[in-house]
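A.B. asks: Here is a sequence together with a model predicted from it:
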Number of protein chains: 2
Amino acid sequence: MKNTILVVGSVALDSVETIHGSTSKALGGSAVHFSLSASQFSPVQIVGVVGQDFPDKYRGYLKRRNISLAGLEVMPGKTFHWVGKYDQDFKNATTIATELNVFEHFKPKLNGEHARCGVLFLANIDPDLQRKVLDQMGKPRLVACDTMNYWISLKKQSLLKLLRKVDMLFVNEEEARQLTGEYNLIKAARKIMKMGPRGIIVKRGDAGAMLFFKDNVLSVPAHPIERVVDPTGAGDTFAGGFMGYLAAAPDWKDFNVIRRAMACGTVMSSFSVEDFSTKRVGGISKKEIDARYHKYVGALRIK
Amino acid sequence: MKNTILVVGSVALDSVETIHGSTSKALGGSAVHFSLSASQFSPVQIVGVVGQDFPDKYRGYLKRRNISLAGLEVMPGKTFHWVGKYDQDFKNATTIATELNVFEHFKPKLNGEHARCGVLFLANIDPDLQRKVLDQMGKPRLVACDTMNYWISLKKQSLLKLLRKVDMLFVNEEEARQLTGEYNLIKAARKIMKMGPRGIIVKRGDAGAMLFFKDNVLSVPAHPIERVVDPTGAGDTFAGGFMGYLAAAPDWKDFNVIRRAMACGTVMSSFSVEDFSTKRVGGISKKEIDARYHKYVGALRIK
């Protein structure tokens, strides 16, 4: 189970409108976007909750990607439903409705197999729940988490308790600044390291991503995409590619491994924005991933 | 004269305030920032205008960097003076005053030596003037220009006439969008290519830069800087490093050469923001440049 990733987070139905069209109750949620991406590199198990309305076809879609749904609880009621809209800059979603439904009462329960997973990704949920998941784990060799502005404002102490126990934190620029009070991302990352994580990934949308790991700073560009259709889940897809690659590697602390993981995250997220919901990443081939990875990494090899 | 760069643009005095302090009538202007950067790689000649108040020490400062000031005309009156302020995000300057002074009457006049320069950089001035400069040139092997939102709005036809005759255009994201009506930068660049330039560099501040050259697209990150003091002139410093490197190369159309030029531009602009005015770039050693270049390029060599 050393290389198996456990992800705990939302499984949702998303209704999204962008300049290129719209979807209604399409498959979404942080655990889903993460899993579809990570499963290209390593086995993945989801712990999450859905309502009785969660379509069987979505379940099949995930299973076909070898994502274990043994931890996907079905509760009476409806599945978490998010309704959002993006402008042409795709930078900030306008939330039209957040119907938490069964997700409001999510209490992650791990079975023995979950607890033995070597790698844990705590997607963006209440930091108290993230901590409870961690307490149920055996001895994972790599723990990463995501969070959001909401928890930084309302549950900072809980979040700080969690951060002491994680290896890697995923944030965006605003979250890094909000968490530390530092505008400069290098300074912010240094402060976050003092809170616990030895690695910080700052996701910057079309400006790429920054990695801070011990004394290393690495900034990578986004892979340029000509037709951005839907950015929903791009951050979780990045985390999936990154964590999936690390989970498969013999030594995730090797900086060369981590740099390749940044490229995997970038490449996977570049696919995710090319179509609505999980369409692009869910249907992708290893060959397509390899081709774009080599194109991306090759372009940056300045000689 | 094949490798000598002629730059035509502003020579100014800048009074700038940022969170780290302020300067009063410090050396500035697009031609200055460009020259100090480019002269690290190739010989540079400036054509510009200053008033009688332009300090001799600034003249000496440029000359010591082997920048020819034979084309720096002195007119009765005062030097162009810009007063601006930046917030902590350093993204947009607030202009407090723009005193054009003698620059308002700038009519670039080239001597025979200028006309024989192999490389021309038309910094951001009225596109009609940029065209008049080009008309005075012999047969430069590389012509690049910069522009700004003001000219795109007010003198678009003049700008379009100019673009037909240039090899490379430097713009920022908003200018690329304004010029083409395309939000996506790949689409925008493709439209600009139809206007004339075969190369487009989109400067994106701390998000790095994008290069479009024939069928190639390259996105490079900024070099992360922990203490940004003053971003004034960073774009011209980028252009200086880029053009300086290309001018020194035997074949500037070689894509490997252009990629290295992108790294040179990135590295030079990363130095420029570390101190006020031209302090950092004006005092820099080749050794410092080489060290940062290798660090930057090495970090991106994902293996």
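C.D. replies: Received the coordinates, thanks. Residues are numbered from 1 along each chain as shown, chains lettered A, B, ... in the order given.

A.B. asks: For residue A:91, give me the pLDDT.
C.D. replies: On the pLDDT scale, residue A:91 is placed at 81.

A.B. asks: after whichever helix in chain A runs longest, next one along is what?
C.D. replies: Once chain A is assigned using DSSP state H, the helix that runs over the most residues is helix A:255-272. Next helix or strand after helix A:255-272 toward the C-terminus (DSSP states H and E): helix A:279-282.

A.B. asks: Which strands and helices lie in contact with that next one?
C.D. replies: helix A:30-38, helix A:255-272 (3 or more CB pairs under 8 Å, 6 or more residues apart in numbering or on different chains; DSSP states H and E). Heads up, the C-betas are built off the backbone N, CA and C, glycines and all.

A.B. asks: is chain B contacted by the last one?
C.D. replies: Read it as helix A:255-272. Yes - judged by CB under 8 Å from any CB of the partner chain, helix A:255-272 comes into contact with chain B through A:256, A:259, A:260, A:262, A:263.

A.B. asks: Please identify the buried residues of that helix?
C.D. replies: A:258-272 (16 or more other CB atoms under 10 Å in any protein chain shown).

A.B. asks: Return the residues of the stretch 201-303 of chain A in contact with chain B.
C.D. replies: A:204, A:206-208, A:210, A:217-228, A:256, A:259-260, A:262-263, A:297, A:299-303.

A.B. asks: swap the cut-off to 7 Å and go again
C.D. replies: By CB under 7 Å from any CB of the partner chain, the part of the stretch 201-303 of chain A that sits against chain B consists of A:207-208, A:210, A:217-222, A:224, A:226, A:256, A:259-260, A:263, A:297, A:299-303.

A.B. asks: Just the ones in strands from these, please.
C.D. replies: Applying DSSP state E to these, the entries found in strands are A:210, A:217, A:218, A:219, A:220.

A.B. asks: Report the contact partners of the residue in the stretch 1-150 of chain A positioned nearest to chain B.
C.D. replies: Of all residues in the stretch 1-150 of chain A, residue A:88 sits closest to chain B, at 4.9 Å by CB to the nearest CB. Contact analysis of residue A:88 by CB atoms under 7 Å, 6 or more residues apart in numbering or on different chains lists A:19, B:183.

A.B. asks: Go again with 10 Å.
C.D. replies: By CB atoms under 10 Å, 6 or more residues apart in numbering or on different chains, residue A:88 lies in contact with A:18, A:19, A:20, A:228, B:177, B:183, B:184.

A.B. asks: Likewise for residue A:235?
C.D. replies: A:30, A:33-34, A:123-124, A:146, A:148, A:170-172, A:201, A:203, A:205, A:209, A:265, A:269, A:272.

A.B. asks: Ok, residue A:294 next?
C.D. replies: A:263, A:267.

A.B. asks: Secondary structure element for it, which one?
C.D. replies: helix A:286-299.

A.B. asks: just to revisit the earlier point, assign the residue of the stretch 1-150 of chain A closest to chain B to helix, strand or coil.
C.D. replies: Recorded secondary structure, residue A:88: coil (DSSP: H, G, I helix; E, B strand; the rest coil).

A.B. asks: Next one: the residue sitting nearest the centre point of chain A from residue A:114, what distance?
C.D. replies: In chain A, the centroid-proximal residue (CA atoms, centre = their mean) is residue A:236; its distance is 2.4 Å. To residue A:114, residue A:236 is 19 Å away according to CB to CB, to the nearest Å.

A.B. asks: repeat for residue A:5
C.D. replies: For residue A:5 relative to residue A:114 (CB to CB), the value is 11 Å.

A.B. asks: what do the two both touch?
C.D. replies: Here residue A:5 and residue A:114 have A:45, A:46, A:120 as joint contacts, going by CB under 10 Å, 6+ apart.

A.B. asks: The residues you listed in helices, which ones?
C.D. replies: Among the shared contacts of residue A:5 and residue A:114, no member lies in helices (by DSSP H).

A.B. asks: so which of those would you say is closest to residue A:139?
C.D. replies: residue A:120 (10.6 Å; CB to CB).

A.B. asks: in the sheet, who's paired with residue A:74?
C.D. replies: residue A:50 (DSSP bridges).

A.B. asks: per-residue confidence at it?
C.D. replies: Residue A:74 is given a pLDDT of 98.

A.B. asks: My read is that it contacts residue A:56, right?
C.D. replies: No - between residue A:74 and residue A:56 there is no contact under CB atoms under 10 Å: 11.2 Å.

A.B. asks: Mind checking which of these two has more residues around it?
C.D. replies: residue A:74 (14 against 7; other CB atoms under 10 Å in any protein chain shown).

A.B. asks: if I pick the more buried one, what's in contact with it?
C.D. replies: Residue A:74 is in contact with A:49, A:50, A:51, A:52, A:53, A:54, A:59, A:102, counting by CB under 10 Å, 6+ apart.

A.B. asks: Now, of those residues, which are buried?
C.D. replies: A:49, A:50, A:51, A:54, A:59, A:102.

A.B. asks: Quick one: the helices in the stretch 51-200 of chain A, in order.
C.D. replies: For the stretch 51-200 of chain A, the helices defined by DSSP state H, counting those that start in this stretch occupy A:56-63, A:112-115, A:127-136, A:149-154, A:156-163, A:173-180, A:185-195.

A.B. asks: is it possible to export those helices to CSV including distance to chain B?
C.D. replies: CSV is the format used below for those (distance: least, CB to the nearest CB, whole Å):
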stretch, distance to chain B
helix A:56-63, 29
helix A:112-115, 32
helix A:127-136, 28
helix A:149-154, 17
helix A:156-163, 22
helix A:173-180, 10
helix A:185-195, 4
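
A.B. asks: Can you tell me which of these is nearest to residue A:10?
C.D. replies: helix A:127-136 (11.2 Å).

A.B. asks: any idea of the angle that closest one forms with helix A:156-163?
C.D. replies: Calculated by axes from the mean of the first three to the mean of the last three CA atoms, to 10 degrees, helix A:127-136 forms an angle of 30 degrees with helix A:156-163.

A.B. asks: what's helix A:127-136 packed up against?
C.D. replies: strand A:5-8, helix A:112-115, strand A:119-122, strand A:142-146, helix A:149-154, helix A:156-163 (3 or more CB pairs under 10 Å, 6 or more residues apart in numbering or on different chains; DSSP states H and E).

A.B. asks: Partner strands of the fourth one, with direction?
C.D. replies: By that I understand strand A:142-146. Determined by DSSP bridges, the sheet partners of strand A:142-146 are strand A:119-122 (parallel), strand A:168-172 (parallel).

A.B. asks: What mean pLDDT does that strand get?
C.D. replies: pLDDT averaged over strand A:142-146 gives 98.

A.B. asks: Check the longest one too.
C.D. replies: Averaged across helix A:156-163, pLDDT comes to 98.

A.B. asks: ok, and for it, which residues are buried?
C.D. replies: A:158, A:159, A:161, A:162, A:163.

A.B. asks: Am I right that the fourth one is in contact with residue A:146?
C.D. replies: No - contact between residue A:162 and residue A:146 fails when scored by CB under 10 Å: they sit 11.1 Å apart.

A.B. asks: and for the two, which residues touch both?
C.D. replies: With CB under 10 Å, 6+ apart, residue A:162 and residue A:146 have common neighbours A:122, A:130, A:169.

A.B. asks: what's around the last one, how many residues?
C.D. replies: As a burial measure, the neighbour count of residue A:169 was computed by other CB under 10 Å and equals 28.

A.B. asks: Tell me the bridge partners for it.
C.D. replies: residue A:145, residue A:200.

A.B. asks: That one contacts residue A:180, correct?
C.D. replies: No - assessed by CB under 10 Å, residue A:169 is found out of contact with residue A:180, at 11.3 Å.
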